[in-house]
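A.B. asks: below: sequence and its predicted model.
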Protein chains: 2
Amino acid sequence: MLELAVLGLLHESPLHGYELRQRLKATLGSFRAFSYGSLYPTLRRMKESGWIAEDEGDAEVVAGAPALTGKRGKVVYKLTAEGKERFTELLAEAGPASWEDEQFGVHFAFFAKTAPEVRVRILEGRRARLEERREGVRTSLARTRERLDSYTLQLQEHGLESVDREVRWLSELIETERNSIRSNPSTNPL
Amino acid sequence: MLELAVLGLLHESPLHGYELRQRLKATLGSFRAFSYGSLYPTLRRMKESGWIAEDEGDAEVVAGAPALTGKRGKVVYKLTAEGKERFTELLAEAGPASWEDEQFGVHFAFFAKTAPEVRVRILEGRRARLEERREGVRTSLARTRERLDSYTLQLQEHGLESVDREVRWLSELIETERNSIRSNPSTNPL
DNA sequence: GGATTATGTATCGGGGCGATACATCGCGGT
DNA sequence: ACCGCGATGTATCGCCCCGATACATAATCC
C-alpha cells in the first residue's frame, strides 16, 4: 500500500523521505498517516526492488538561495522506468483488496492517474463491500439488540450511520463517473 | 487492546475462542473485527500472564441436549481474580492512547463498566484529539487546495465531514453524560 | 449421499505504528 | 551573546494486528 502511495507521489517529482511523509499527509488527510517506521523500510525495499533510485541530480537552486555547499544528508528518490511500469500495473490490477478500508483511500487518492473503467470498478466494489458489511451488522444487531447495553448500541448505530454515509457518497461518485464516461470517454477531470 | 476486549467479554461469562470472536464482532460491529491471528496468540499470552485460565467446569447442559460424551476440543477460558483487577485497572487508567482511533472504540464498548468520570474524560479527550486533527487537515487543505486534483480534494472533504460528524456525536454524548452525572452521580445506564 | 457451511483451534509472514535516538538549522526571547 | 525550541531530517526496534492458510468435525441443504 505504502508502495503504491510512494510510486504515485514520486510520479510527480523526486522527493526525499521527509517530504514524502508531508505529501502523504497532505494527500491522504485524515485517512491515514504512514509513519516513518513504515516509510523508511519501504523506501529501502523499493530501492532494492529497483522501483526507485537515489537521485543525485544536483538541482540548481534558482538564486539568492543559501550556498548549501556539499553538506549531504538528504536522500532524494526518483522513480525508475520499472517503477513507472509497476505503478501503472498496480493501478490497473485493483483487485478486491482495494475495496478494503486501508487500500481504498490510497487508490482513490490516485484516481486522477487511474483509468475511468478501473475507477468505476473500484467504487462499485467498495460500495458492494460496505453494503455487505452494513447488512451483516444490521442483522447481527437485530438479533442481539436487547442484550446490548446502551453504549454498545450507540457505538453500533453510529458505525452503521458512517457506513451508510460512505455508501451514499460512493453512489454519487459512481453517478458522476458514469456521466463523465458517457459524455467523454477519454477525459480525466483535473 | 484485544486484551481489554477479551477481559471485558470474559467478565460476563467464560467463553472459548470462537465464541469470543463472535462476541467481538457483535460488540464492536463495524469498528473492528480482531482476527483469529490476533485472538489466539493473545489468549495464550493472557493465560501466561495469569489474567485468564482454562475453565474445566463441566457445564451441565439443561436437558434434551445431545450427549457430548467426552469429546474435547473447545478450550474455554474464564477470568481469574487477577484478570478482574487488571480489567478494572485498564478501564481506570484510560490515558491519551484511548483517544486514538483503534483504542477508543474498544473503550467505548465497555463504557457500561467504566466509571462516569472516566467516561467523560475519554469522550472529551477523543473530541479534543479529533478537533486537533480536523484543524490540521483544514489548514493544510487551505494551503494546498489549488494544487490538489478533484479526487484528492473530495477524499479530504469527505474525511473532514466524517471527523466533524464524530465530533458532534461526541458532543451529544458528553452532554448526556454530564446531565446523568449531575442528576444521579452513582448510576450506570442499562 | 455428496457438497457446502458453520464450528473450532492454530500458525506464519508481512506490514504498519509509536517510541525512540540522534543530528542540524533557524528563529525568537532575554 | 546565548539558549532553547520547533522544524527538518534519517533511521531502527518491538509490538500488534491482519489475511491466508491448514486441518478437523458437526450440521444442513439439495
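C.D. replies: Cool, the structure landed.

A.B. asks: in stretch A:138-155, what's buried?
C.D. replies: Taking 16 or more other Cβ atoms under 10 Å in any protein chain shown as the basis for neighbour counts, the residues of stretch A:138-155 that come out buried are A:141, A:144, A:148, A:149, A:151, A:152, A:153, A:154, A:155. C-beta: built from backbone N, CA, C; applies to glycine.

A.B. asks: I figured the fourth one hits residue B:112, correct?
C.D. replies: Meaning residue A:149. Yes: Residue A:149 sits in contact with residue B:112 when judged by Cβ atoms under 8 Å, with a separation of 4.1 Å.

A.B. asks: return the distance of the residue of chain A most remote from its centre relative to residue A:93.
C.D. replies: Distance from the centre of chain A peaks at residue A:146, with 39.2 Å (Cα atoms, centre = their mean). Separation of residue A:146 from residue A:93 (Cβ to Cβ, to the nearest Å): 45 Å.

A.B. asks: and the host helix or strand of residue A:9 with DNA strand C, contact?
C.D. replies: Residue A:9 belongs to helix A:2-12 when elements are defined using DSSP states H and E. Yes: for a cut-off given as Cβ under 7 Å from any atom of the strand, helix A:2-12 has contacts with DNA strand C, namely A:2, A:3.

A.B. asks: give me the mean pLDDT for that helix.
C.D. replies: In this model, helix A:2-12 has a mean pLDDT of 96.

A.B. asks: other SSEs contacting that helix?
C.D. replies: Counting contacts by 3 or more Cβ pairs under 8 Å, 6 or more residues apart in numbering or on different chains; DSSP states H and E, helix A:2-12 is packed against helix A:17-28, helix A:36-49, strand A:52-54, strand A:76-79, helix A:81-93, helix A:101-109.

A.B. asks: list the contacts of the shortest one.
C.D. replies: Meaning strand A:52-54. By Cβ atoms under 8 Å, 6 or more residues apart in numbering or on different chains, the list of residues contacting strand A:52-54 from outside reads A:6-7, A:10, A:43, A:46-47, A:75-80, A:83.

A.B. asks: pick the one among those residues closest to DNA strand D.
C.D. replies: For these, the minimum distance to DNA strand D (Cβ to the nearest atom of the strand) is 4.3 Å, reached by residue A:75.

A.B. asks: what residues are bridge-paired with the residue nearest to that closest one when sequence neighbours are not counted?
C.D. replies: In space, residue A:75 comes closest to residue A:16 once its chain neighbours are excluded; the distance is 5.5 Å by Cβ to Cβ, 6 or more residues apart in numbering or on different chains. Beta bridges link residue A:16 to residue A:76 when assigned by DSSP bridges.

A.B. asks: what sits against residue A:16?
C.D. replies: For residue A:16, the contacting residues are A:74, A:75, A:76, A:77, by Cβ under 8 Å, 6+ apart.

A.B. asks: buried among the residues you listed? Make that a ChimeraX selection.
C.D. replies: With 16+ other Cβ under 10 Å as the criterion, this ChimeraX line picks the buried residues out of the contacts of residue A:16:
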select /A:76,77
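
A.B. asks: enumerate the residues of chain A near chain B.
C.D. replies: Where chain A comes near chain B, counting by Cβ under 8 Å from any Cβ of the partner chain, the residues are A:25-31, A:105, A:108-112, A:133-134, A:137, A:140-141, A:144, A:148-152, A:154-156, A:158-160, A:162-163, A:165-166, A:169, A:173, A:189-190.

A.B. asks: turn the buried ones among these into a named PyMOL selection, would you?
C.D. replies: Buried subset of the residues of chain A next to chain B, written as a PyMOL selection, criterion 16+ other Cβ under 10 Å:
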select buried, chain A and resi 25+26+27+28+29+30+31+105+108+109+110+111+133+134+137+141+144+148+149+151+152+154+155+156+158+159+160+162+163+166+169+173
